[in-house]
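Asks: 3D, please:
(4 chains)
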Number of protein chains: 2
Amino acid sequence: MRTVTERSDAVLAVATAFRRFGYEGASISAITEQTGLGKGSLYNFFPGGKEDMATAVLDEVGAWFQAEVYEPLLHEGTASARITAMFDAVEAYFTSRQLVCLFGAFALGQERTRFGEPIQQYFAAWIDALRTALHDGGAGREADDAATDMVSGIQGALVLARALDDISLFHGALDRMRARALTLLD
Amino acid sequence: MRTVTERSDAVLAVATAFRRFGYEGASISAITEQTGLGKGSLYNFFPGGKEDMATAVLDEVGAWFQAEVYEPLLHEGTASARITAMFDAVEAYFTSRQLVCLFGAFALGQERTRFGEPIQQYFAAWIDALRTALHDGGAGREADDAATDMVSGIQGALVLARALDDISLFHGALDRMRARALTLLD
DNA sequence: GTCTATAAAGCGATAGAC
DNA sequence: GTCTATCGCTTTATAGAC
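Replies: The predicted structure is shown next:
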């Protein structure tokens, strides 16, 4: 059996392993089983080993959010449409990924030391884009705190929904944040 | 050098190691260095090894929250005083513990599989006690969602404050939640 | 690009002296 | 209750065939 793979596919498969096992918990052999790729393939794609894999995964996720969340938040349509679209995109994203935000999970562990810069970048860019959209929509001084609270609230909802093993907690929290955002606009 | 230790002291020291390294990242030798206890002492206190250590740590933290957060929330004083006291206690607790909630951190990782029941218990009891206090204070139907949002909001604030390495994000978020709680009462 | 075999280091855990 | 030595296993990573 020799199914040739592209690196970008390998990155997605490795990301699944990290979501499931965490960074420390994802041993190379666990990643091998989860992804179906042998060690040879893995070290071919990621010469720097596990840390290289994690960097590639964070890059991929960061790029996805940049393209699908932050930029739409800044450019297209009315403020309320943009913000609603953000919640929809984020809800679909985490729902299809076991309610794990790799940046959030890494921020809580010792991984924060190794990957501090991309983690910081991810959250700073998100808050910044959301604050801008809120401000564009007429939210005044409260746009700052509101943007922070919403990004924070999404992370908290992920923690709680996983802890209580109840995905409706995630959907419910996002519904309330969506509604609150709309009350801040015009 | 033979400094005799009590198990309860060992539990507190091990907790610090888990906060710093995470469950998977805290190797026995790392716990040895962090705590100053040798392997002999550790396995004397925790015959079940690492899993035993984590269980003891979660028990200790859970008991602390039960005594210092949940019960005061249910019994003493006016609702607004009880809720303010909760935020104060929680703020001081996590501030002095590197902004790590072990239950929240474990909920995001594979540790959730092993320690699912205590994790669930911790958050369910917290939400339940807070909901009761809010209800006692005159908050109506919204007490349910508000209690969930506040416990979730605290977890989110911990994630964000660690990710951006800015403790003021934690204090600011708690200030706003405190204020919101008061607007829900009477 | 993928496989298998293997090396070197670190892991959790145990045994026995004190 | 604490120490040191050690076992057996798994880990990350590499080498070389295909």
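Asks: in which helix or strand would I find the residue of chain A found nearest DNA strand C?
Replies: Distances between chain A and DNA strand C by Cβ to the nearest atom of the strand are smallest at residue A:40, namely 1.9 Å. Where C-beta positions appear, they are placed from N, C-alpha and C, glycine not excepted. Taking DSSP states H and E as the criterion, residue A:40 maps to helix A:39-45.
Asks: close to DNA strand C, is the helix or strand following that helix?
Replies: Using DSSP H and E, the helix or strand that follows helix A:39-45 towards the C-terminus is helix A:49-65. No: using Cβ under 7 Å from any atom of the strand, we find that helix A:49-65 stays clear of DNA strand C, coming within 11.9 Å at best.
Asks: got the buried residues for helix A:49-65?
Replies: Judged by neighbour count (16 or more other Cβ atoms under 10 Å in any protein chain shown), helix A:49-65 contains these buried residues: A:50, A:53, A:54, A:56, A:57, A:58, A:60, A:61, A:62, A:65.
Asks: nearest residue to the middle of chain A?
Replies: residue A:101 (4.5 Å; Cα atoms, centre = their mean).
Asks: that one - nearest residue in space that isn't next to it in sequence?
Replies: Distance criterion Cβ to Cβ, 6 or more residues apart in numbering or on different chains; nearest residue to residue A:101, sequence neighbours excluded, is residue A:158 at 5.7 Å.
Asks: who's in contact with the helix holding residue A:40?
Replies: A:5, A:7, A:10-11, A:14, A:28-29, A:31-32, A:35, A:37, A:49, A:53 (Cβ atoms under 8 Å, 6 or more residues apart in numbering or on different chains).
Asks: report the buried members of these.
Replies: Of the contacts of helix A:39-45, these count as buried by 16+ other Cβ under 10 Å: A:10, A:11, A:14, A:31, A:32, A:35, A:37, A:53.
Asks: a markdown table for these, including pLDDT?
Replies: Below are these laid out as a markdown table (pLDDT from 0 to 100):
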| residue | pLDDT |
| --- | --- |
| A:10 | 95 |
| A:11 | 96 |
| A:14 | 97 |
| A:31 | 96 |
| A:32 | 96 |
| A:35 | 93 |
| A:37 | 93 |
| A:53 | 97 |
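Asks: which one of the residues you listed is nearest to residue A:143?
Replies: Within the buried ones among the contacts of helix A:39-45, proximity to residue A:143 (Cβ to Cβ) peaks at residue A:11, which comes in at 34.6 Å.
Asks: does residue A:87 touch residue A:174 like I think?
Replies: Yes: counting by Cβ atoms under 8 Å, residue A:174 is a contact partner of residue A:87 at 5.5 Å.
Asks: for stretch A:119-130, buried residues please.
Replies: A:119, A:120, A:122, A:123, A:125, A:126, A:127, A:129, A:130.
Asks: re earlier: neighbour count for residue A:87 and residue A:174, which is higher?
Replies: Set residue A:87 next to residue A:174 and count neighbours by other Cβ atoms under 10 Å in any protein chain shown: residue A:174 wins out with 20 against 17.
Asks: element containing the more buried one, please.
Replies: Going by DSSP H and E, residue A:174 is part of helix A:167-184.
Asks: for residue A:119, what are its contacts?
Replies: A:58, A:103, A:106, A:107, A:112, B:163.
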